[in-house]
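S.K.: quick one: sequence plus predicted model below, questions after.
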Amino acid sequence: MPLFLLNNLPFVWLGLAIVLVIIEGMTMGLTTIWFAMGALISMLLAFFHMPIQWQVLLFLIISGVLLFFTRPVALKKLKIGKTKTNSESLIGEACVVIETIPANEKGQVKINGQPWRAAASGGILIAEGTRVVIDKIEGVTMYVTPEKN
């Protein structure tokens with residue numbers, strides 16, 4: 001059996017690459033895809049009859065380098081793993097104070113037709129009718145600052 005595998009190394013590497021791509025498709029973690037690329041490069045090396053030790057070594061090195069250097073960039077560009085919830089999507093949006101927000105206390109704002117409890121981020125008084133920007137949301141309270149003109 002091992003002799004069969006050694007005589008068909010390009011297809012072993014291709015099979016490994018296919019399995020790794022399937023795993024990546026199921027997990028979407030942007031991890032095994034780099035090892036699949038390393039397997040494809042090792043497949044090319046096997047076609048040129050490079051010794052198996054070099055194929056394995058280059059597979060590990062290439063996969064590790066791709067994982068270490070390109071995965072963070074790909075995650076950032078594709079925004080994988082971070083889905084905004086409904087309330088998180090409101091951060092940075094403008095809204096209007098519908099109940100005065102006293103210093104270090106809570107009032108109300110209205111955004112998209114919905115009232116929310118609100119507090120001033122700087123602990124300042126914000127009068128009713130003032131346009132504000134949502135800085136963060138903790139629980140059911142929005143923290144806001146007056147909109148700059």
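M.R.: Structure received.

S.K.: quick one: the helices in the protein?
M.R.: Listed in chain order, the helices of the chain (DSSP state H) span 2-7, 9-27, 32-47, 52-78.

S.K.: would JSON lines of those with distance to residue 110 be doable?
M.R.: Just so you know, the C-beta spots here come from the backbone N, C-alpha and C atoms, and that holds for glycine as well. Formatted as JSON lines, the helices of the chain follow (distance: least, Cβ to Cβ, whole Å):
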{"stretch": "helix 2-7", "distance to residue 110": "68"}
{"stretch": "helix 9-27", "distance to residue 110": "42"}
{"stretch": "helix 32-47", "distance to residue 110": "45"}
{"stretch": "helix 52-78", "distance to residue 110": "34"}
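
S.K.: show me the shaky parts of this structure.
M.R.: For the chain, the stretches with pLDDT under 70 are 1, 80-85, 149.

S.K.: domain map for it?
M.R.: Following automatic domain parsing, one finds the domains of the chain at 2-78, 88-146.
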